[in-house]
Every structure is written in structure tokens, then in C-alpha cells.
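# Okay, sequence plus prediction incoming.
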Amino acid sequence: MQVERLFPGFDQGRLRVGEGAGAVEIPYVTAGSGPALLLLHGFPQTRAMWHRVAGRLAERYTVVATDLRGYGDASKPEGGADHGAYSKRAMAADQLAVMRALGHERFMVAGHDRGGRVAHRLALDHPEAVSRLMVLDIAPTLSMYEGTDLTFATVYWHWFFLIQKEPLPETLIGADVEFMFRKFMGGRHAGMDAFAPPAWEEYVRCARIPGTVHAMCEDYRAARTIDLEHDRQDRDAGRRLEIPVRVLWGEFGGLARCFDPLEHWRGYAREVDGRALPCGHYIAEELPEPLLAECEAFFPAAGG
């Protein structure tokens with residue numbers, strides 16, 4: 001494991017959250033003081049993706065970076081017939097329990113990619129817990145699926161591949177995980193230069209843990225099914241985020257080719273701003289300094 005190397009000075013731990021057969025273990029790293037800031041990673045990564053910004057953030061905030069269930073070294077439960085174990089509601093509940101166990105009743109959240117979707121659900125389901133939300137390089141899941149066209153289906157081809165019935169994607173990805181990652185992640189704007197070798201080793205190591213590839217697919221299957229049900233229920237009920245939301249996306253990434261992120265997020269939250277950064281999808285690894293500046297401007301260092 002490369003966690004010690006990637007997060008020098010951070011404490012590490014694992015917390016068992018949930019009840020009975022539904023309990024899972026979530027690993028985390030934490031350091032710093034000040035208002036609590038939870039960092040949530042995306043697909044197909046782990047908490048390692050924050051290594052270029054976490055140390056500096058810990059100078060102003062109490063930083064917690066976790067693995068989402070199914071990813072990294074977290075538990076990898078079966079998804080269930082409705083894929084409900086990987087609903088963003090279930091994944092968000094894990095993160096809330098971790099933060100409460102660490103003594104953080106109210107906190108701020110930054111989420112990239114899949115972690116942004118978990119963060120969105122966390123803030124919506126638990127408004128008493130989340131004070132500010134930053135999402136990196138995503139539009140809301142419901143908006144993206146309802147806006148599907150040829151460009152979106154081409155750029156986001158992996159969405160439609162990963163939701164295929166088990167075991168098709170699991171078998172194909174599992175045949176050579178690192179090949180898949182290099183073609184998928186390295187084929188984006190910054191190429192393989194975006195990823196520090198220790199972080200890359202961590203992504204590949206964790207993807208080879210039995211159950212990880214299946215869990216990743218279940219995450220996407222849930223997004224296509226039960227997550228859309230939850231999102232539509234919220235829309236029908238008029239539920240929106242009431243907290244400040246900051247949206248950042250890569251100028252040269254796929255999202256910018258398909259959507260106007262601010263326009264879509266303004267349909268889900270009352271107070272939204274944001275901008276494109278001159279990078280691709282992997283903002284925290286491609287442009288750590290600009291991201292740090294954005295975090296420091298958006299997240300209060302006191303009274304958050």
C-alpha cells in the first residue's frame with residue numbers, strides 16, 4: 001500500500017458503519033485542524049486521488065479522505081437485485097457515519113466524479129450535516145441521463161458499458177484491469193502524466209482486489225436505476241440543495257463537450273456558482289494549485 005507515502009503525517013484508520021449484515025468497513029486518512037472537510041473520490045480511483053492537495057488543505061481544515069464502498073480497500077457488498085447497496089443514498093450514509101464517528105457532526109464536502117454524486121446525495125439527504133458542497137467535473141446524474149444524445153453516449157461510453165448485465169463488463173475488465181485503466185484514464189486530456197506513480201499503483205492494486213470491479217459496475221447500475229428513482233422523487237417533491245454549491249469542471253474534459261454544468265446544477269440548488277479550469281477530468285491531479293485556491297476561497301477556514 002502507498003497510503004503512507006501519499007499522505008505523510010496523516011492518521012489512518014478503518015471504521016465499521018451500518019448495522020448487521022448491511023455493515024461495511026470504510027478506510028480513511030485524516031489530518032489537520034479547523035472546520036471538517038470530507039473528500040470523496042471518483043471512478044475508478046481511491047482516496048489516493050487527493051494526495052496532491054490533502055496536505056495543504058490540512059493546514060486550514062480537518063481533512064478526511066475516504067474510500068467509497070466498493071472501491072479501494074473498502075468493503076465490497078453484493079449489490080442486490082435492485083443494486084440498492086450501491087445507491088448513492090447508501091454510499092452517502094456510509095460517509096455520514098464515518099464523519100460522525102470521527103466527531104464531525106457538521107462538515108463541508110468536495111466530491112469528484114462518482115464521489116460528487118455521493119456528495120450530492122449526502123447533502124440532500126442530510127442537510128443538517130453538510131454546510132457547503134463542491135462538485136468536480138460532473139452534472140447531476142438525472143440531467144445527464146435525460147440529456148443523452150449521440151455526443152454524450154460517445155464521450156461517456158463507459159456509463160453504458162458498465163451497466164450491462166453481470167458478468168459481461170466484469171469479465172472483460174477483469175481480464176486486464178491495468179490495460180482498461182490505461183486506455184480509459186490515460187486516454188483523456190492529460191494522458192498518463194496526470195497520475196503520480198504511487199497513486200497509479202494504488203488504483204491498479206485496489207482494482208485487482210476481488211469484488212472491486214463488480215462493485216464499480218454496481219455503482220453505475222445503481223445510477224441507472226435506483227438513483228434515478230430517488231432523484232425523480234426529489235424533483236417531484238421540489239427538494240433542492242439549500243447550501244452554497246461550487247461547481248468546477250475541466251475545460252478540456254468530456255463534460256464540457258456535452259453539458260453546461262452551471263445551468264444544470266441551478267436546477268438542483270438555490271445558490272450555485274463555478275467555472276471551468278484549464279484541464280481535463282482529473283482536476284485534483286492535473287491542477288492541484290488552482291484547486292487549492294478554489295477550496296480556500298469557497299470553504300471557510302473557521303465557522304464552516
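All right, it came through fine.

# Mind telling me which residue is nearest the centre of the chain?
Nearest to the mean C-alpha position of the chain, by CA atoms, centre = their mean, lies residue 115 at 1.3 Å.

# which ones are touching residue 95?
The contact partners of residue 95, by CB atoms under 8 Å, 6 or more residues apart in numbering, come to 26, 38, 40, 66, 68, 118, 122. The C-beta positions use only the backbone N, C-alpha and C, and glycine is treated the same way.

# Ok, residue 73 next?
Neighbours of residue 73 in contact, by CB under 8 Å, 6+ apart: 1, 14, 27, 46, 67, 206, 209.

# Let me know the secondary structure of it.
coil (DSSP: H, G, I helix; E, B strand; the rest coil).

# Likewise for residue 198?
Counting by three-state DSSP, the backbone at residue 198 sits in helix.

# ok, it - how many residues close by?
By the measure other CB atoms under 10 Å, the count of residues near residue 198 is 15.

# Equivalent analysis for residue 297, please.
Residue 297 has 9 nearby residues by other CB under 10 Å.

# who does the helix or strand where it lies touch, helix- and strand-wise?
If you go by DSSP states H and E, residue 297 is part of helix 288-298. For helix 288-298, the packing partners by 3 or more CB pairs under 8 Å, 6 or more residues apart in numbering; DSSP states H and E come out as helix 54-57, strand 130-136, strand 241-250, strand 269-277.

# what's next to it, contact-wise?
Applying CB under 8 Å, 6+ apart, the set of residues contacting helix 288-298 is 37, 52-53, 56-57, 60, 110, 132, 134, 136, 244, 246, 248, 277, 283-284.

# cool, and stretch 141-157?
Residues outside stretch 141-157 that contact it (CB under 8 Å, 6+ apart): 88, 117, 120, 138, 160, 223-224, 227-228, 231-232, 235, 254, 257-259, 264, 267-268.

# Not counting its neighbours along the chain, what's nearest residue 221?
With CB to CB, 6 or more residues apart in numbering as the criterion, residue 221 has its nearest non-adjacent residue at 4.5 Å, and that residue is residue 83.

# before we move on, what about residue 92?
Nearest non-adjacent residue to residue 92 (CB to CB, 6+ apart): residue 122, at 3.7 Å.

# residues in contact with that neighbour?
So residue 122 contacts 92, 95-96, 109, 129-130 (CB under 8 Å, 6+ apart).

# Tell me the buried residues in stretch 187-196?
The neighbour-count check on stretch 187-196 (16 or more other CB atoms under 10 Å) flags 188-190, 194-196 as buried.

# Now render those as CSV, adding secondary structure, pLDDT and distance to residue 299.
Listed next are the buried residues of stretch 187-196 as CSV, based on DSSP: H, G, I helix; E, B strand; the rest coil; pLDDT from 0 to 100; distance: CB to CB, whole Å:
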residue, secondary structure, pLDDT, distance to residue 299
188, coil, 96, 27
189, coil, 96, 26
190, coil, 96, 25
194, helix, 97, 24
195, coil, 98, 25
196, coil, 97, 24
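
# would you list those in CSV and tack on distance to residue 300?
Shown next, in CSV, are these (distance: CB to CB, whole Å):
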residue, distance to residue 300
188, 32
189, 31
190, 31
194, 29
195, 31
196, 30
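
# Please identify which pair of those residues lies farthest apart.
189 and 196 (16.9 Å; CB to CB).

# how about residue 37, phi and psi?
For residue 37, the backbone dihedrals (degrees, to the nearest 10) come out as phi -130, psi 120.

# State the number of residues packed around the nearest residue to residue 7 once chain neighbours are set aside.
Once flanking residues are discounted, residue 7 sits nearest to residue 29: 4.7 Å by CB to CB, 6+ apart. Neighbour count of residue 29, defined by other CB under 10 Å: 25.

# out of the contacts of helix 288-298, who's nearest residue 176?
Nearest to residue 176 among the contacts of helix 288-298, counting by CB to CB, is residue 284 at 26.3 Å.

# Filter the contacts of residue 95 down to the buried ones, ChimeraX style.
Buried residues within the contacts of residue 95, by 16+ other CB under 10 Å, are selected in ChimeraX with:
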select :26,38,40,66,68,118,122
